[in-house]
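Asker: 3D, please:
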Amino acid sequence: MEKGQTGSSRSSMKNGIIIAVLVVAIVVIGVSVSYAYYSAWLRGNATVPNNEAGILNITTNLDNVSAIDASRLALIDGSDYLNSAEKVSFTITNESASNLNAVYMLKLVEMSLSKNLYSKYFKWAIVINAGTEGAKTYTGDFADSSITPEGTTIDKENPDIVSGQTKNLFGDGESQSLVIGATDTVDFYLWLENDANVDQLYLTNGSFSGKLSIDAVPVK
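Answerer: Now for the predicted structure:
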């Protein structure tokens with residue numbers, strides 16, 4: 001299916017036809033690097049004497065890795081996203097120069113999303129330290145009935161885009177700990193999920209852009 005065509009049948013969608021979706025500008029912003037503050041803020045914290053500054057030095061290579069920049073995303077089975085979905089892989093490190101532990105959160109900011117992609121079939125996943133005993137996986141979607149109901153169709157000439165949205169990718173209590181000297185490897189996935197029982201033609205001609213943001217803060 002070429003971009004701009006909706007296809008002639010539901011069956012063609014189920015035979016691996018690619019959905020026209022623009023995904024761009026997944027880059028890092030908002031990282032606290034070499035963040036220092038004075039010991040007066042740390043009274044009672046035995047790990048940092050009162051005559052020393054508290055230093056949190058968080059680094060990441062996210063600004064140097066290739067962004068997701070696909071003019072088309074395939075409609076795939078959800079169980080296959082680890083192998084087939086578009087992804088960004090990067091690291092987050094609490095450098096040994098720090099004298100404080102950290103917690104961090106991930107979110108999408110400055111999102112622009114066409115209304116047909118406010119859908120339970122437009123999925124994301126985060127896998128932290130894949131292949132290790134402590135690996136963690138978080139998944140979600142972009143459905144938001146307060147903006148538009150599932151199944152909204154768009155005109156390819158006027159896609160009705162909502163801009164300036166922010167989406168937290170971790171829930172309350174899910175911020176990730178990062179001790180001094182530790183590095184987390186993060187894989188962020190985006191895909192459209194196939195449902196053999198649903199006509200998903202309304203997902204065609206959608207567009208999405210956004211920036212992946214890391215917020216890191218010190219902890220005692």
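
Asker: quick one: contacts of stretch 173-189?
Answerer: Counting contacts by Cβ atoms under 8 Å, 6 or more residues apart in numbering, the residues outside stretch 173-189 that touch it are 26, 58, 81-82, 85-96, 98-106, 123-130, 136, 138, 170, 212, 216, 219. C-betas here are computed from N, CA, C, even on glycine.

Asker: buried ones in it?
Answerer: Residues of stretch 173-189 classed as buried by neighbour count (16 or more other Cβ atoms under 10 Å): Ser175, Gln176, Leu178, Ile180, Asp184, Thr185, Val186, Asp187, Phe188, Tyr189.

Asker: Okay, and which of these map to strands?
Answerer: Gln176, Leu178, Asp184, Thr185, Val186, Asp187, Phe188, Tyr189 (DSSP state E).

Asker: For the residues you listed, name the two members farthest from one another.
Answerer: Leu178 and Tyr189 (21.3 Å; Cβ to Cβ).

Asker: Sketch out the low-pLDDT regions of the protein for me.
Answerer: 1-53, 69-72 (pLDDT under 70).

Asker: residue ranges of the helices in it, please?
Answerer: Taking DSSP state H as the test, the helices found in the chain are 10-13, 81-84.

Asker: mind listing the strands for this protein?
Answerer: 18-24, 28-29, 35-37, 54-56, 58-60, 70-76, 86-94, 101-114, 122-128, 136-141, 161-168, 176-178, 183-193, 206-219.

Asker: Turn these into a markdown table, including distance to Ile154.
Answerer: A markdown table is the format used below for these (distance: least, Cβ to Cβ, whole Å):
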| stretch | distance to Ile154 |
| --- | --- |
| strand 18-24 | 11 |
| strand 28-29 | 28 |
| strand 35-37 | 42 |
| strand 54-56 | 44 |
| strand 58-60 | 35 |
| strand 70-76 | 16 |
| strand 86-94 | 21 |
| strand 101-114 | 6 |
| strand 122-128 | 13 |
| strand 136-141 | 18 |
| strand 161-168 | 9 |
| strand 176-178 | 36 |
| strand 183-193 | 15 |
| strand 206-219 | 7 |
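
Asker: right, and those strands - which one's nearest Asp199?
Answerer: Across the strands of the chain, closest to Asp199 is strand 70-76 (Cβ to Cβ), at 12.1 Å.

Asker: Could you point out the bridge partners of the nearest residue to Val88 once chain neighbours are set aside in the sheet?
Answerer: Spatial nearest neighbour of Val88, chain neighbours left out: Phe188 (4.8 Å); criterion: Cβ to Cβ, 6 or more residues apart in numbering. Beta bridges link Phe188 to Val88, Ile126, judged by DSSP bridges.

Asker: Phe188 and Ser213: what is the separation?
Answerer: 11 Å (Cβ to Cβ, to the nearest Å).

Asker: Can you work out which residues contact both of the two?
Answerer: Listed as contacting both Phe188 and Ser213 by Cβ under 8 Å, 6+ apart are Leu106.

Asker: Burial check on Asp215, number of neighbours?
Answerer: Using other Cβ atoms under 10 Å, Asp215 has 18 neighbouring residues.

Asker: Quick check: Leu113 touching Asp141?
Answerer: No: the criterion here is Cβ atoms under 8 Å, and Leu113 misses it with Asp141 at 11.8 Å.

Asker: And these two? Which one has more around it.
Answerer: The residue with more neighbours, out of Leu113 and Asp141, is Leu113; 25 against 15, by other Cβ under 10 Å.
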